[in-house]
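*Asks:* quick check, what structure comes out for this input:
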Amino acid sequence: QLQLVESGGGLVQPGGSTTLSCTTSGFTLEYYAMGWFRQAPGKEREGVSCISSSGDSTNYTESVKDRFTISRDNAKNMVYLQMNSLKVEDTAVYYCASDRSYYCSGYVRDWGPGTAVTVSS
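*Replies:* Predicted coordinates:
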């Protein structure tokens with residue numbers, strides 16, 4: 001059974017950094033692209049970043065480019081999102097997601113329960 005579990009959220013000061021982790025199980029991670037999404041209060045869920053199955057291709061939504069870095073360790077069944085220079089507007093629940101394909105197709109086949117990140121002083 002496919003399972004995704006996020007960790008690493010919490011309260012961070014503006015300008016600070018944190019890393020989110022996604023622990024995966026129940027499927028062969030190396031076959032699938034993985035992504036991070038977020039949903040801010042009162043807003044729709046949006047895609048933040050995606051990484052191909054091999055890790056050689058990544059993409060980011062414009063608002064996080066040059067601040068966030070997605071990575072993966074297929075041997076450890078882990079996906080990460082390093083978030084730097086955090087802004088108040090980055091406050092959201094962050095979700096790990098498994099794509100349906102080896103490349104970032106945008107079609108999600110499963111989600112984690114999410115981890116909350118609050119950026120506030």
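*Asks:* dump the residue contacts of Phe68.
*Replies:* Phe68 makes contacts with Val48, Ser49, Tyr60, Leu81, Gln82, Met83, Asn84, as judged by CB atoms under 8 Å, 6 or more residues apart in numbering. In short, each C-beta sits where N, CA and C put it, glycine included.
*Asks:* report the separation between it and Ser25.
*Replies:* 24 Å (CB to CB, to the nearest Å).
*Asks:* how about Val48?
*Replies:* 22 Å.
*Asks:* which of the two has more residues huddled nearby?
*Replies:* More neighbours surround Val48 than the other of Val48 and Ser25, with 24 against 11 (other CB atoms under 10 Å).
*Asks:* could you check the pLDDT of that one?
*Replies:* The model reports Val48 with a pLDDT of 98.
*Asks:* does it touch Val64 like I think?
*Replies:* Yes - counting by CB atoms under 8 Å, Val64 is a contact partner of Val48 at 5.9 Å.
*Asks:* can you classify Glu89 by secondary structure?
*Replies:* For Glu89, the assignment made with DSSP: H, G, I helix; E, B strand; the rest coil gives helix.
*Asks:* spit out the contact partners of it.
*Replies:* Residues near Glu89 by CB under 8 Å, 6+ apart: Ala40, Ser63, Val119.
*Asks:* ditto for Ser98
*Replies:* Leu2, Leu4, Thr24, Phe27, Tyr32, Ala33, Met34, Gly35, Val108, Arg109, Asp110.
*Asks:* please, a ChimeraX command that selects the buried ones among the residues you listed?
*Replies:* To isolate the buried ones among the contacts of Ser98 in ChimeraX, judged by 16 or more other CB atoms under 10 Å, type:
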select :4,24,27,32,33,34,35,108,110
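*Asks:* I'd like to know which of the contacts of Ser98 is nearest to Pro14.
*Replies:* Gly35 (25.1 Å; CB to CB).
*Asks:* who's the closest one bridged to?
*Replies:* Beta bridges link Gly35 to Cys50, Ala97 when assigned by DSSP bridges.
*Asks:* so for Glu62, what's the pLDDT?
*Replies:* Confidence at Glu62, expressed as pLDDT, is 98.
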